[in-house]
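Sequence and computational prediction follow.
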Amino acid sequence: MSNEAKRPLLPEFGSFGMFLRFVMLAELLAIVISIGRNSEFNEQALLDLALLSVFAVSIAIASVVMLKLASPLFKRTSPGLAFIFAVVLLLVVTTAGTDIIIYLLYHFSVIDERWPTWRETLLLRSLLVTAIIGSLGLRYLILRERAAHDVRLQQESKLQALQSRIRPHFLFNSLNSVASLTRSDPAKAEAVLHDLADLFRVLLADARKLVPISAEREISRQYLEVEKIRLGDRLQVKWNVSNIPRAALMPALTLQPLLENAIYHGIEPRFAGGTIKIDMWAENEKTLNIMISNPLPDVQKEGHSKGNKLAHENIRQRLATQFGEAASMQIIQEGGQYHVKVKMPILRG
């Protein structure tokens, strides 16, 4: 079993969200107990609620602090021991907090005795409530964190798989092109191999990696250069990039699948080839727009049409996995041209 699988997967107790959850749960318990203790909603009930709220919220805040301090210990133990340690820590905090609050009540003359007769009853009830609510709450948080962790792993695996779907024919054709250049133009063959190496280095990298838009354009240029060796003058490329922020980042290998799709479904089926246009521009420095345009094939083939839909679905899934609803892809056919327009948030380093 890997270290990742053995990790307790306890939540981040130091976060503000976790602090709010503990405080809200403590206040809810105070309200429920106050309702159960008072048959009428009067001044005494409000006073009782105020005291219970101070008591419960104080214990909750102290518990969050202690759990945060003990987090390094939890990470070095097994899930079972981490859970037991966390519950025991909650019980210790409750015991110490109860005695501190009783002392403060005595110190400020709210009660007359330093060790009142009801101390044991209050402590026992507090420990029972902490044991029950703490165990259930921690178990819920662990399961929730584990589920979120599994979802993240699935999304990352899916994103990596989607990014890695480069068509095998591209590799085979490129190697054939290199083979044909080996004798006639060795320098060109070496340059193509360098471009292929750079492309596959990005392809095999972490799919979550963000790169400058300039770097993404460069890897796309290298891809197009490799394809141009094979297609020659049948492939023409026009770039139009404007007002992109210098610090803007984007997921690696975003353009290449769109360009590969345009070549495979738009340029290759045409006897005369055609021109691929790449337009990139920013809206209010918040949204990145990408428009890939290619001519429609002379004769639409059923197999190409089906493959086109699969390619688009692949790209849509990757965008959805990376950005959710913040990204979109639109298909437009007009004037003998096929346009794919992508919108995504502009990310900054």
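Structure's in. What do you need? Residues are numbered from 1 along each chain as shown.

what bits of the stretch 51-200 of the chain have low per-residue confidence?
Low-confidence regions of the stretch 51-200 of the chain, defined by pLDDT under 70, span residues 152-174, 199-200.

and with 90 instead?
Scanning the stretch 51-200 of the chain for pLDDT under 90 picks out 51-52, 71-83, 101, 104-115, 117-118, 122, 137-200.

all strands of it, in order?
Using DSSP state E, counting those that start in this stretch, the stretch 51-200 of the chain contains no strands.

Which parts of it are helices?
Taking DSSP state H, counting those that start in this stretch as the test, the helices found in the stretch 51-200 of the chain are 71-75, 79-107, 119-163, 168-184, 186-203.

Looking at those helices, which is nearest to Pro345?
helix 119-163 (16.1 Å; CB to CB). From N, CA and C alone the C-beta is placed, and that goes for glycine too.

what angle do that closest one and helix 79-107 make?
If you take axes from the mean of the first three to the mean of the last three CA atoms, to 10 degrees, helix 119-163 sits at 140 degrees to helix 79-107.

For helix 119-163, name the packing helices and strands.
Counting contacts by 3 or more CB pairs under 8 Å, 6 or more residues apart in numbering; DSSP states H and E, helix 119-163 packs against helix 16-37, helix 43-69, helix 79-107, helix 302-323.

distance between that helix and the chain's centre?
Its chain's C-alpha centre and that of helix 119-163 lie 19 Å apart, by CA atoms, centre = their mean, to the nearest Å.

burial of Gln44, as a residue count?
11 (other CB atoms under 10 Å).

give the contact list for the nearest residue in space to it that is not next to it in sequence.
In space, and not counting its chain neighbours, Gln44 is closest to Asn38: 6.8 Å by CB to CB, 6 or more residues apart in numbering. Counting by CB atoms under 8 Å, 6 or more residues apart in numbering, Asn38 makes contact with 44-45, 48.

Could you report the separation of the closest residue to Gln333 other than its chain neighbours from Phe271?
With sequence-adjacent residues excluded and distances taken as CB to CB, 6+ apart, Gln333 is closest to Leu296, at 6.9 Å. Noted for Leu296: a distance of 13 Å to Phe271, by CB to CB, to the nearest Å.

hmm, back to that, okay, now the residue nearest to Gln333: neighbour count?
There are 17 residues near Leu296, going by other CB under 10 Å.

Could you pull up phi and psi at it?
Backbone torsions of Leu296, given as degrees, to the nearest 10, read phi -70, psi 150.

tell me the contacts of it?
Going by CB under 8 Å, 6+ apart, Leu296 touches 266, 333, 336-338.

Quick check: phi and psi at Asp112.
Backbone torsions for Asp112, taken as degrees, to the nearest 10, come to phi -90, psi -20.

Would you mind stating the distance between it and Ile102?
Noted for Asp112: a distance of 12 Å to Ile102, by CB to CB.

swap in Gly14?
According to CB to CB, Gly14 stands 29 Å off from Ile102.

Good, wrapping up.
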